[in-house]
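[1] coords please:
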Amino acid sequence: MKKKDSRVFDYNIEMEFAFATVLGESVYNNAGLYDDPKYVKKDFLRWINSIEKRIIELTEYDERLLLLTTIHLDRIKENLKKISTEYVEWEIISDMIALISNLLGYDFLGEINHHAFFYQDKFQMEHTEREMSGRRVMEDWKWGDQNLQNYQVDIVMSLKEKGLTQFQISRIMNISQYKVKKLLKANTNVDETSSDTQ
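    Model prediction:
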């Protein structure tokens, strides 16, 4: 059997961007290293390990989807180990296509059989907003600085009037007793200021 030619790799900024999506800054400026199959394999395996953890989190309640995605991930990992000695692009590409298809809800029916559901918690939404524009989040923070304490004072006073102790109020609002005392003091200062101006 004729031996295959040795692998030819080259500078690859697209691969750097693809890996950076998951691995972040740790792969910045690695595009030039991808002329060596050793570095391609190293970063690809790091990427696939990160993806695998995330896929397990997302699919843990769907045994069939978890099984299908795990099969493709395992095959990709096996082919990555051979990357310096064999031509395995089509095997890797085929499993990547199948993996993406499974995660997007397709399951050999020619139509969507699962629904992908993406969401962000409040911190992630603020981070995305800050990264994308920076403006609205900063406005929200300004609003927060100006109004948050006023609302907290109102809530603390309302709870105090209902006969709750500072400790109980701190538990309800998930703040320290010290913060409750400060808010009560802030209310006293506001009341004194408003009576002085009348």
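
[2] quick one: buried residues of stretch 54-71?
    Ile55, Leu58, Thr59, Leu65, Leu66, Leu68, Thr69 (16 or more other Cβ atoms under 10 Å). Every C-beta, even on glycine, is put in place using the N, C-alpha and C of the backbone.

[3] that stretch: end-to-end distance?
    Start-to-end span of stretch 54-71 (Cα to Cα, to the nearest Å) is 15 Å.

[4] rewinding a little: widest-spaced pair of the buried residues of stretch 54-71?
    Spatial extent of the buried residues of stretch 54-71 (Cβ to Cβ) is set by the pair Leu58 and Leu68 at 12.7 Å.

[5] related to what we said a few turns ago, next, format the buried residues of stretch 54-71 as JSON lines and append secondary structure.
    JSON lines is the format used below for the buried residues of stretch 54-71 (DSSP: H, G, I helix; E, B strand; the rest coil):
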{"residue": "Ile55", "secondary structure": "helix"}
{"residue": "Leu58", "secondary structure": "helix"}
{"residue": "Thr59", "secondary structure": "helix"}
{"residue": "Leu65", "secondary structure": "helix"}
{"residue": "Leu66", "secondary structure": "helix"}
{"residue": "Leu68", "secondary structure": "helix"}
{"residue": "Thr69", "secondary structure": "helix"}
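
[6] what's the closest of these to Leu184?
    For those, the nearest to Leu184 is Leu58 (45.6 Å; Cβ to Cβ).

[7] and that closest one, what does it touch?
    Applying Cβ atoms under 8 Å, 6 or more residues apart in numbering, we find Leu58 in contact with Leu103.

[8] low-confidence ranges in this protein?
    Applying pLDDT under 70 to the chain flags residues 1-11, 84-88, 90, 110, 117-119, 132-146, 189-198.

[9] domain-wise, how is it divided?
    13-103, 122-197 (automatic domain parsing).

[10] check those domains for me and report the most buried one.
    Stretch with highest mean neighbour count among these: domain 13-103 (a mean of 15; mean count of other Cβ atoms under 10 Å).

[11] next, the distance between the ends of it.
    Start-to-end, domain 13-103 (Cα to Cα) is 26 Å.

[12] chain center to that domain, what's the gap?
    From the chain centre to the centre of domain 13-103 is a distance of 18 Å (Cα atoms, centre = their mean, to the nearest Å).

[13] what about the helices in the chain?
    Counting by DSSP state H, the chain has helices at residues 13-23, 37-59, 63-81, 89-103, 122-132, 135-161, 166-173, 177-197.
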